[in-house]
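*Asks:* Got a predicted structure here, sequence first:
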Amino acid sequence: MIIVGVGVGPGMLTQEAMEAIKNAPVIYSSKRALELASDHINCETREIKNYRELHLLPEDAVVLSTGDPMFSGLGKFAGEGDRIIPGISSLQVACSRLGVNLTDIAAITAHGRGASLAKDTLVQELELGKNIFLLPDASFGVAEVAAVLFKMQVNARICVCENLGYPNERIASGTVDTPPVVESDMYCIVVVR
């Protein structure tokens, strides 16, 4: 199996990803990943029904993963001998848009992991003096991040990056006292000290 990162938004496919997609005998994908790669697809496509069963796919199957497969993506389902092609992640795009060096940031995903683990990880990274990139969850978003910063007395800019790479991309900044308002379901949070 080949797991291909299709990028976080339109026009963010790498040359390596385009070649793998063009040469695929069959592609498995989510609807959003399929839309991002549609200009390069020349074969049958199938929607992924159960991500935990990816290991049952044929050896020559190509699986599309939004963003980068190894950043909260489908790369975690790769087996020995599977190939992973990186993609442009929301982390990379958000840091580029905000001018934040990737070496100064801690990446956290709250998505599907629960508020308690996300909060503990956030506190740990803030104690180390890091800037934060966070993929939120319904149970842990901007309000919860602002509350942690307030409690820890961390003075930082809180940024919400929505629909990165899409025509309706939006970046809003705020403070611990007046955090930015989220207007989309597809967003990430960046805390800049």
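*Replies:* Cool, the structure landed. Residues are numbered from 1 along each chain as shown.

*Asks:* in this protein, which helix has the most residues?
*Replies:* Longest helix of the chain, by residue count under DSSP state H: helix 115-127.

*Asks:* Could you chop this structure up by domain?
*Replies:* 2-88, 91-192 (automatic domain parsing).

*Asks:* quick one: the residue sitting furthest away from the middle of the chain and G5, what's the gap?
*Replies:* In terms of distance from the mean C-alpha position of the chain, Q153 ranks first, at 27.8 Å (C-alpha atoms, centre = their mean). According to C-beta to C-beta, to the nearest Å, Q153 and G5 sit 38 Å apart. C-beta: built from backbone N, CA, C; applies to glycine.

*Asks:* ok, now E35?
*Replies:* Separation of E35 from G5 (C-beta to C-beta): 15 Å.

*Asks:* Neighbour count: those two, which is higher?
*Replies:* Between E35 and G5, G5 has the larger neighbour count (other C-beta atoms under 10 Å), namely 29 against 14.

*Asks:* Who does the more buried one form a beta bridge with?
*Replies:* S65 (DSSP bridges).

*Asks:* How is I27 assigned, secondary-structure-wise?
*Replies:* strand (DSSP: H, G, I helix; E, B strand; the rest coil).

*Asks:* ok now do it, which residues does it touch?
*Replies:* I21, L34, A37, I41, C43, E44, T45, R46, A61, V62, V63, L64 (C-beta atoms under 8 Å, 6 or more residues apart in numbering).

*Asks:* how close does it get to R46?
*Replies:* To R46, I27 is 7 Å away according to C-beta to C-beta.
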